[in-house]
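Novice: Here's my sequence, what's the structure:
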Amino acid sequence: MVVNEVNTAPVLTVPATQTINELATLSASASATDSDIPVNSLTFALVSAPMGMTINPSSGLITWTPSQAQSPSTNLVQVSV
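Specialist: Numbering: from 1, shown residues only. Take a look at the predicted model:
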């Protein structure tokens, strides 16, 4: 008998649209659920983000403090898990 693992993609939930002032710190969390058993460890990453933005690969915590040079602006952020 051969048993093949079926990997189901995790479901990613990202924060809603945020508005912040320059030099103020954004702190928002992405989260994900994975229906695979056993649960696979999940790793978060920024696919597309403004300069200086970071994401904690384990927790999904996104942080960013936009500089004066980055204001005013609209920034689209892409997260993967």
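
Novice: contacts, neighbours, all on C-alpha from now
Specialist: Fine.

Novice: wait, isn't Gln68 in contact with Ala24?
Specialist: No - checked against CA atoms under 8 Å, the pair Gln68 and Ala24 is beyond contact range at 10.2 Å.

Novice: and the closest residue to Asp36 other than its chain neighbours, how far is that from Gln68?
Specialist: What sits nearest to Asp36 in space, not counting adjacent residues and going by CA to CA, 6 or more residues apart in numbering, is Thr8, at 6.2 Å. With distances taken as CA to CA, to the nearest Å, Thr8 is found 42 Å from Gln68.

Novice: go on, Met1?
Specialist: 63 Å.

Novice: higher neighbour count, the two?
Specialist: Gln68 (10 against 3; other CA atoms under 10 Å).

Novice: Contact partners for that one?
Specialist: When contacts are counted by CA atoms under 8 Å, 6 or more residues apart in numbering, Gln68 touches Glu22, Leu23.

Novice: Need the phi and psi values for it.
Specialist: phi -60, psi -30 (degrees, to the nearest 10).

Novice: Could you do Ala69 as well?
Specialist: Given degrees, to the nearest 10, the pair of backbone angles that Ala69 has is phi -70, psi -20.

Novice: where does this protein dip in pLDDT?
Specialist: 37, 39 (pLDDT under 70).

Novice: quick one, strands of the chain?
Specialist: Under the criterion DSSP state E, the chain contains strands at 11-13, 26-29, 31-33, 45-48, 54-55, 61-64, 78-80.

Novice: which residues touch the fifth one?
Specialist: The reference is to strand 54-55. So strand 54-55 is contacted by Phe44, Ala45, Leu46, Leu61, Ile62, Thr63, Trp64 (CA under 8 Å, 6+ apart).

Novice: tally of neighbours for the nearest residue to Val79 once chain neighbours are set aside?
Specialist: Closest residue to Val79 apart from its sequence neighbours, by CA to CA, 6+ apart: Leu46 at 4.7 Å. By other CA under 10 Å, 18 other residues sit near Leu46.
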